[in-house]
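Peer 1: One predicted model, sequence on top.
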Protein chains: 2
Amino acid sequence: MPRRNPNPLPPTTAARLAVADEPGAVAAIASAVAEAGGRLRSLTTMRRAAAREAASGLSQAEVEVEDLDEAALVAALEPLREVVAIRKTRPLDRVFGKRVIILGGGAQVAQVALGAVSEADRHNIRGEKISVDTIPLVGEDTIAAAVRAVIDLPRARLLVLAGSIMGGDISRAADELRAVGIPIIALNMVGSITEHVDLVVSDPVQAGTMAVMAIADTATFELARHRGRRL
Amino acid sequence: MPRRNPNPLPPTTAARLAVADEPGAVAAIASAVAEAGGRLRSLTTMRRAAAREAASGLSQAEVEVEDLDEAALVAALEPLREVVAIRKTRPLDRVFGKRVIILGGGAQVAQVALGAVSEADRHNIRGEKISVDTIPLVGEDTIAAAVRAVIDLPRARLLVLAGSIMGGDISRAADELRAVGIPIIALNMVGSITEHVDLVVSDPVQAGTMAVMAIADTATFELARHRGRRL
């Protein structure tokens, strides 16, 4: 089975922190990581159990850092007054991996997801990590905003547009997304969208299957070699 | 239709930044946000198009901030030498909303997703934003690690465990997840897991439907009132 990885991520170290709920806490963490020679890939504060945390004066944060191993990350953060506890975690890309995103009408999204989940199962059993993430949406503005927001979704690698009619601002958003390197597969449908995607597939189960094949290192399908095809 | 929101998030402002690719850049951004009176909820650096970015000396970052409006966020970041461009975006919770996470075997994950996507469609049409995010996985260690990692997933509100046999460390991980306030629905299956979840449902399509109902403000189903039931 050939393995390829055209867009590898550098290895990361992750930790969950209990942090003093002060405005400067995040800045202190970011400075400590930079001074130790690391690069903060992501920092997310968790808002659940907000009432309980507010009462304790602590909030929870998840950090992912490049260029530091676990010992170096702990050594950098432990001296900080703002960091009350450090617990090692696994970086999310090692748990949930690459993401196929499916947007559109509920009936079609569900069928594309059926194909994508079944195909991801086959690859994840062989050591891949591929997630299939979906949201059913209605309306040109709503869908166009979601297409643009895929740029900001961590680990998103491919978008499937699943619907019966899409065009207008959705097509403009599709061009913007592809310009940053995220390919798009669309179901065959009316509207201009089929002129603004990498591949058009009529059967939703096959569309989901091919979406996963396109990003799996354990598959041999290269989307770039079939760009513009309509199935 | 009654609306309830037991765990509301404060309003946030979001922006995508082009940032000088220097170790101290994130710390400078975090400091500027704190000095302006804001609270950094999340900061994610984007790694795609890595080669092109490295050549330009810039990287992309997505920031979400509480307690600052758009004008104040721009005013705080614009003077920074490290921030080359600022583009207003929508916070991800306003685009992709609350997340139901589905983990387990491919066949069952796909059927739970079918129910969840269909139900999310009905609520999203009425103004909700609910995503259905899935990953098919095999093995006790792998699934237990994913259950624990749900704690770190932004906007995750409920987990569905979809499989035929789960127990051991998966059950311990389930207890840890519920302890931080994320409820769990499991399919009826063998293994100890059904003793460590909030609700057990035999039909996977119904499990997905009820998972979405449990987190939708536009539904009247309160999971807490039915805890321990087996359907």
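Peer 2: Yes, it's here.

Peer 1: Average pLDDT for the helix or strand where residue A:160 lies, rounded please.
Peer 2: Using DSSP states H and E, residue A:160 maps to strand A:156-162. Strand A:156-162 shows a mean pLDDT of 97 in the predicted model.

Peer 1: same thing with stretch A:86-93?
Peer 2: For stretch A:86-93, the per-residue pLDDT averages 91.

Peer 1: just to revisit the earlier point, would you mind listing the buried residues in the strand holding residue A:160?
Peer 2: A:156, A:157, A:158, A:159, A:160, A:161, A:162 (16 or more other Cβ atoms under 10 Å in any protein chain shown). The way it works is simple: take the backbone N, C-alpha and C, and place the C-beta from them, glycine included.

Peer 1: next one: stretch A:191-206
Peer 2: Buried residues in stretch A:191-206 (16+ other Cβ under 10 Å): A:191, A:193, A:194, A:196, A:197, A:198, A:199, A:200, A:201, A:204, A:205, A:206.

Peer 1: do the same with stretch A:133-150
Peer 2: Within stretch A:133-150, the residues that count as buried by 16+ other Cβ under 10 Å are A:133-137, A:140, A:142-150.

Peer 1: Which members of those occur in helices, if any?
Peer 2: A:140, A:142, A:143, A:144, A:145, A:146, A:147, A:148, A:149 (DSSP state H).

Peer 1: before we move on, what SS does the residue lying closest to residue A:195 once chain neighbours are set aside have?
Peer 2: Distances taken as Cβ to Cβ, 6 or more residues apart in numbering or on different chains put residue A:171 closest to residue A:195, at 7.2 Å, once the chain neighbours are dropped. Under DSSP: H, G, I helix; E, B strand; the rest coil, residue A:171 falls in the helix class.

Peer 1: Quick check: mean pLDDT of stretch A:224-231?
Peer 2: 88.

Peer 1: hang on, residue A:33 packs against residue A:75?
Peer 2: No. Residue A:33 lies out of contact with residue A:75 (Cβ atoms under 8 Å); the separation is 11.1 Å.

Peer 1: Looking only at neighbour counts, state which of those two leads.
Peer 2: Comparing residue A:33 with residue A:75 by other Cβ atoms under 10 Å in any protein chain shown, the one with more neighbours is residue A:33, at 27 against 13.

Peer 1: Which residues are in contact with that one?
Peer 2: A:39, A:40, A:63, A:65, A:68, A:73, A:76, A:77, B:26, B:27 (Cβ atoms under 8 Å, 6 or more residues apart in numbering or on different chains).

Peer 1: Who does the residue nearest to it when sequence neighbours are not counted form a beta bridge with?
Peer 2: Computed as Cβ to Cβ, 6+ apart, the closest residue to residue A:33 that is not its neighbour in sequence is residue A:40, at 5.1 Å. Residues in a beta bridge with residue A:40, per DSSP bridges, are residue A:65.

Peer 1: so residue A:40 makes contact with residue B:43?
Peer 2: Yes. Between residue A:40 and residue B:43 there is a contact under Cβ under 8 Å: 7.2 Å.

Peer 1: sorry, back to before: quick one: the residue nearest to residue A:195 from residue B:181, how far?
Peer 2: Using Cβ to Cβ, to the nearest Å, residue A:171 is found at 41 Å from residue B:181.
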